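**Q** what follows is a predicted structure for the sequence shown.
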Amino acid sequence: MKNSFFSRFTPKEPKFFPLLKQLSEVLVSSSAVLVESMQHDKPEERSSYYKKIKDLEREGDRLAHLIFDELGTTFITPFDREDIQALASHMDDVIDGINSCAKRIAIYNPRPIGDSGKELSLLVQKEADYICKAMDELDTFRKNPATLREYCSKLHDIENQADDVYELFITKLFEEEKDCIEIIKIKEIMQILEKTTDSAEYVGKILRTLIVKYA
Amino acid sequence: MKNSFFSRFTPKEPKFFPLLKQLSEVLVSSSAVLVESMQHDKPEERSSYYKKIKDLEREGDRLAHLIFDELGTTFITPFDREDIQALASHMDDVIDGINSCAKRIAIYNPRPIGDSGKELSLLVQKEADYICKAMDELDTFRKNPATLREYCSKLHDIENQADDVYELFITKLFEEEKDCIEIIKIKEIMQILEKTTDSAEYVGKILRTLIVKYA
Amino acid sequence: MKNSFFSRFTPKEPKFFPLLKQLSEVLVSSSAVLVESMQHDKPEERSSYYKKIKDLEREGDRLAHLIFDELGTTFITPFDREDIQALASHMDDVIDGINSCAKRIAIYNPRPIGDSGKELSLLVQKEADYICKAMDELDTFRKNPATLREYCSKLHDIENQADDVYELFITKLFEEEKDCIEIIKIKEIMQILEKTTDSAEYVGKILRTLIVKYA
């Protein structure tokens, strides 16, 4: 049925925007769990937050693949299919980054990471919120791109802030921390958090490309 | 000659499947060498296994680029060219992962890695075997996708197993190992092995996409 | 205006080659700053070199995105748009690698890295020079691919040299360095340098693909 001759031509665009929105909501949820997890340092708490985030990561994966499957079987798409694919797969990257971070906190079990960890995870959450709001602009930005453009510029600014937080933190970590094993653990966790803010900014770059192409 | 007007239109599909099969056989061989290498801990043995795997990695690279070149000069392909490209480049990624792992074992020369290393490398080998079998389905799955679908699901299951092996291992490593330099070495090697099982599962995801698109 | 019906069809090819050339010049500049930075070990010098390289990295980013935007709004391109996109984004990757390296030197502030660091950064610079020269061949290689082919083979050779330098260095590092924190710092910096030589070779692979497709 799905692949029958006619169904392939039936306009299916409306499906893509709700699916992208749903994916962005999973991103928002997992960033919120990450922020909350940063308040807790007991091993069993860390494992339980990781479990929650892992479930969200699987849900994100499922949605991303639903989108890819739709793209593979739909002839008419609201944007070039590479653009939709890029949006889905890069939102999924942000969720993967959050999952990687929670996983390492659970299995490395480092000493409390401190304020910079909380700060970076809050920046990831802010980015997730802008990405989620941006999904609401997908069917209107061609006529009015100002709002979407603003979200992209916010994503860019937040990523720059994250860079500064990260660089200052690592400089201090190497100056002050003398326990090599803690350095290994915390450096890697912070590196992944910082990369996750990059991935979120990358979603903003794709959105900016859409504005250039279609608005 | 190769690029002449007519040769470009001559159906060339039959070339792609044998080339993909050959690439998957290189993958199987390098995974087998990796498994064997895990039984040996002397520096000179490690170097010699790395040499073997490096040669296979170059052969894989050569085949992948042969496929890309064919794609660049062939007009008619059995699937969308992105799909063939994705299959070749992601099989190549798995081979690269195996090579990265063997390289680090040779140049880091860590203490014996133990059972979890053997276990993960056996999982990579299992995945390689399923990928290789999957290549035999490429010209028949449109009519009968059941077997290919089964291989994809096996790849998915194996990757989940690998995750569990890895997470348990790293948790223990940080609890028990106190030699920081050994932690650096072994953590990175195991991380690469685990990523390699991800890359193999990714080949399964591409195959699943082919089923959705064409079966 | 930019997206008006006619402007989209106006041949715009000439823009792509100068933009790619400019991007390659940014790459050359940043590799030169990296080489120079390797002569200096004081924290404030390292920070100041990082600042210079970061500025160049932003300029590279700007140019790459200019190219992507042009691709999104231009109908006629001198090569398939994926090829131009791949060239720009992979040159950008090399610049990113240089930036990552300088950033880590600044924020990790390791002991002097020694001759192998200088050697690897000189290899990156050599590769940057060949990539920059290769950009001059883009509008002539269809008729005479010999020069471009030679540059690609140079890029391949340099990458092999870099592999050897890196592997020897890391083997020695683990045999001789006993300060775990210095190992963490220097291993990561050298790893990034080595990856950067890979990224540069990857640009050569794209160029080789162009020869296969168009010459």
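**A** Right, received. Where do you want to start? Fair warning: this is a prediction, and the values are worked out from it, not measured in the lab.

**Q** all contacts plus neighbour counts: C-alpha atoms, from now on.
**A** OK.

**Q** in space, not sequence, find me the middle residue of chain A.
**A** Note on chain A: the residue nearest the mean C-alpha position is A:V94, at 2.6 Å, using Cα atoms, centre = their mean.

**Q** wait, what's in contact with that one?
**A** Taking Cα atoms under 8 Å, 6 or more residues apart in numbering or on different chains as the criterion, A:V94 is in contact with A:L27, A:T196, A:T197, A:S199, A:A200.

**Q** if we go to 6 Å?
**A** By Cα atoms under 6 Å, 6 or more residues apart in numbering or on different chains, the contact set of A:V94 is A:T196, A:S199, A:A200.

**Q** roughly how far does the first one sit from A:A162?
**A** To tie it back to what came earlier, the one meant is A:T196. Distance of A:T196 to A:A162, given as Cα to Cα, to the nearest Å: 10 Å.

**Q** again with the last one
**A** Relative to A:A162, A:A200 is positioned 11 Å away (Cα to Cα).

**Q** more neighbours, these two?
**A** Neighbour comparison, A:A200 and A:A162: the larger count goes to A:A200, with 29 against 23 (by other Cα atoms under 10 Å in any protein chain shown).

**Q** please name the nearest non-neighbouring residue to that one.
**A** In space, and not counting its chain neighbours, A:A200 is closest to A:V94: 5.8 Å by Cα to Cα, 6 or more residues apart in numbering or on different chains.

**Q** look up how far chain C lies from the one you found.
**A** 20 Å (Cα to the nearest Cα, to the nearest Å).

**Q** show me what contacts the residue of chain A found nearest chain B?
**A** Chain B sits closest to A:I107 of chain A, with a gap of 4.8 Å, by Cα to the nearest Cα. Under the criterion of Cα under 6 Å, 6+ apart, the neighbours of A:I107 are B:T171.

**Q** just the ones in helices from the contacts of A:V94, please.
**A** Under the assignment DSSP state H, the contacts of A:V94 contribute A:T196, A:S199, A:A200 to helices.

**Q** nearest to A:D136, of the residues you listed?
**A** Within the ones in helices among the contacts of A:V94, the smallest distance to A:D136 is 16.7 Å, found for A:A200 (Cα to Cα).

**Q** please tell me the pLDDT value assigned to the closest one.
**A** On pLDDT, A:A200 comes in at 98.

**Q** same deal with the one 5 residues further on?
**A** At A:K205, the predicted lDDT confidence score is 94.

**Q** which element is the nearest residue to it once chain neighbours are set aside on?
**A** Leaving aside its sequence neighbours, A:K205 sits nearest to A:C152 (Cα to Cα, 6+ apart; 7.1 Å). Assigned by DSSP states H and E, A:C152 belongs to helix A:146-176.

**Q** summarise which helices and strands that helix is packed against.
**A** Contact here means 3 or more Cα pairs under 6 Å, 6 or more residues apart in numbering or on different chains; DSSP states H and E; on that basis helix A:146-176 packs against helix A:115-135, helix A:180-214.

**Q** rewinding a little: what separates the residue nearest to A:A200 from A:S48, distance-wise?
**A** To A:S48, A:V94 is 20 Å away according to Cα to Cα.

**Q** any idea how far the one residue in chain A that gets nearest to chain C lies from A:K187?
**A** Going by Cα to the nearest Cα, chain C is nearest to A:T171 of chain A, at 4.8 Å. With the distance defined as Cα to Cα, A:T171 ends up 10 Å from A:K187.

**Q** next: A:K133.
**A** For A:K133, the distance to A:K187 equals 31 Å [Cα to Cα].

**Q** repeat for A:E25
**A** 29 Å.

**Q** just to revisit the earlier point, and the helix holding A:C152, how far out from the chain middle?
**A** In this view, helix A:146-176 has its centroid 15 Å away from the chain centroid, taken as Cα atoms, centre = their mean, to the nearest Å.
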